[in-house]
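Colleague: Sharing a model that was predicted from the sequence below.
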Number of protein chains: 2
Amino acid sequence: MSTVNDQQDIKREKILDASYQRFLHYGYSKTTMNEIASDLSLSKALLYYYFPDKSQLYIAVMRKLAADYLKSLEDNIVTFTDLKEAFVFQVNTNHDFIVKNYNFFDSFRLNEQNLPDTIWEIISEIHQSEMKLLSDVFKAEVEKGKIRPVDNPEEIVDLLLDALHAVRVRSISHKKFKLPQKEHLDEIHSKRLLLIDIFIKGLKY
Amino acid sequence: MSTVNDQQDIKREKILDASYQRFLHYGYSKTTMNEIASDLSLSKALLYYYFPDKSQLYIAVMRKLAADYLKSLEDNIVTFTDLKEAFVFQVNTNHDFIVKNYNFFDSFRLNEQNLPDTIWEIISEIHQSEMKLLSDVFKAEVEKGKIRPVDNPEEIVDLLLDALHAVRVRSISHKKFKLPQKEHLDEIHSKRLLLIDIFIKGLKY
DNA sequence: TTACTGACTTTTTTAACAAATTTATCAAAA
DNA sequence: TTTTGATAAATTTGTTAAAAAAGTCAGTAA
């Protein structure tokens, strides 16, 4: 809690902000450490003083994004008692998140091999948090007798999340791959809402 | 209907069979025209007498596969009156088809750009045929009052097909990409059956 | 005339290597 | 402890030559 560390943290944050802007506009591979450094009027070497390498910097930015995203979900989903509302909120939040940070994730779309495992761990953590939040609502709904009890609520929530996630990928598969897919996002979004509607009906008595 | 054309057709079929074996074992890019020719003890030039180029040959094989696949669906799905049974049959048939021809489709997994548009047209045709078959069962079920009427049955069928298809893609996304995914096929299959179950319940009264 | 081939040309892949760019390190200054 | 300029190491990019594969065609055989 010393002032020294506060100062460090502030600088770290500044680096993360500048990096985020660069990654957001140009993606991972088209962003160089020199560019980030000169955006901040710092030497590139200083970046390596605060972060071990480029991929760790990218991961740190992603961690921040993930935390913000999960915060938004946590703050709101606990207030819902209706399972459908909860899923709709998840889909909306997710949609906004993807739209806002679309270019940031270019390293995923062009599936670059050099990304470290940590990336997948973060994604897995996000997924688990979503599962936890939604499963809790699920169980609450079962308690209240609004939907049928099931052996494994997590499995059902996972399945719907899978299906929702998948709608994204499928809708481009029989058109050309190359299309940036960004134009499809809204179509996908409305399809997802419909899927939630039918799926949740299927869970009721 | 002359004997000459019959002979031609027989030879064409032989070429298609040999090509299928090669494509199935080694995939598109690792199969050479010379290999196909020598499998048949023919000159490579003859292949070009029957097919304009390699991609057209591949497409012709794929057309045959698609026809077989659709035949199997058509022969059986019309006999079903239950929508769930129809979807289960679709998923099972699809699963078997993918498992059997897994290597044939390697050109899709490593998304090669050089594949001609015709490939996507074939996939689109398959999808439309599936839509038609399943939509008819859907409408019949509505007629019989077993499920709720909807504005656009095709849209619902499309959505479920999307969701089912998507389950495949999603299940690998937070593990590594590279894994051949073949091991996941059975897990995906059972998830799909569960999805069908819940989704169809959601369509009932 | 139709089915077919060997020899040939063109196109695509692969490998090797130099040049340029970028990542990453480090001794030394502030 | 924080910061930098200089420099080393690694990666990407561009070039070129050789090899492999696709694709063509004049001509033979049935």
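Modeller: Yes, it's here. Please read these numbers as outputs of a predicted model, since none were measured by experiment. Numbering: from 1, shown residues only, chains lettered A, B, ... in the order given.

Colleague: Please make it C-alpha for all contacts and neighbour counts, starting now.
Modeller: Noted.

Colleague: Can you name the residues of chain A that neighbour DNA strand C?
Modeller: For chain A, the contact set with DNA strand C under C-alpha under 7 Å from any atom of the strand comprises A:29, A:31-34, A:44-45, A:48, A:52-55.

Colleague: and with 10 Å instead?
Modeller: Residues of chain A lying near DNA strand C by C-alpha under 10 Å from any atom of the strand: A:28-37, A:43-49, A:51-57.

Colleague: Among these, name the buried ones.
Modeller: A:28, A:31-33, A:35-37, A:44, A:47, A:51, A:54-55, A:57 (16 or more other C-alpha atoms under 10 Å in any protein chain shown).

Colleague: List just the nearest of those residues to A:I200.
Modeller: Nearest to A:I200 among these, counting by C-alpha to C-alpha, is A:Y28 at 38.2 Å.

Colleague: looking at it, the closest one is touching A:M62, isn't it?
Modeller: No - between A:Y28 and A:M62 there is no contact under C-alpha atoms under 8 Å: 11.4 Å.

Colleague: Quickly list the domain ranges of chain A.
Modeller: Using automatic domain parsing, the domain parsing of chain A gives A:1-51, A:55-203.

Colleague: chain center to the last one: distance?
Modeller: Put plainly, it is domain A:55-203. Distance of domain A:55-203 from the chain centroid (C-alpha atoms, centre = their mean, to the nearest Å) equals 7 Å.

Colleague: go on, the shortest one?
Modeller: Mean C-alpha position of domain A:1-51 versus that of the full chain (C-alpha atoms, centre = their mean) differs by 22 Å.

Colleague: do the same with stretch A:197-204
Modeller: Relative to the centre of its chain, stretch A:197-204 is centred 25 Å away, using C-alpha atoms, centre = their mean.

Colleague: Any buried residues in that stretch, and which?
Modeller: A:197-204.

Colleague: circling back: most tightly packed of the domains of chain A?
Modeller: Counting by mean count of other C-alpha atoms under 10 Å in any protein chain shown, domain A:55-203 has the highest mean neighbour count of these, with a mean of 17.

Colleague: So for that one, mean pLDDT?
Modeller: Mean pLDDT, computed over domain A:55-203, is 86.

Colleague: close to chain B, is the lengthiest helix in chain A?
Modeller: Ranked by residue count and defined by DSSP state H, the top helix of chain A is helix A:117-143. Yes - using C-alpha under 8 Å from any C-alpha of the partner chain, we find that helix A:117-143 touches chain B at A:120-121, A:123-124.

Colleague: residues touching the most centrally placed residue in chain A, list them.
Modeller: Closest to where the C-alpha atoms of chain A average out (C-alpha atoms, centre = their mean) is A:A66, at 5.7 Å. Neighbouring residues of A:A66 by C-alpha atoms under 8 Å, 6 or more residues apart in numbering or on different chains: A:122, A:126.

Colleague: so which strand or helix has it?
Modeller: Under the criterion of DSSP states H and E, A:A66 resides in helix A:54-77.

Colleague: Report the inter-axis angle for the helix or strand following that helix versus helix A:117-143.
Modeller: Heading C-terminal from helix A:54-77, the first helix or strand you meet, by DSSP H and E, is helix A:83-100. Helix A:83-100 and helix A:117-143 are oriented at 160 degrees to each other (axes from the mean of the first three to the mean of the last three C-alpha atoms, to 10 degrees).
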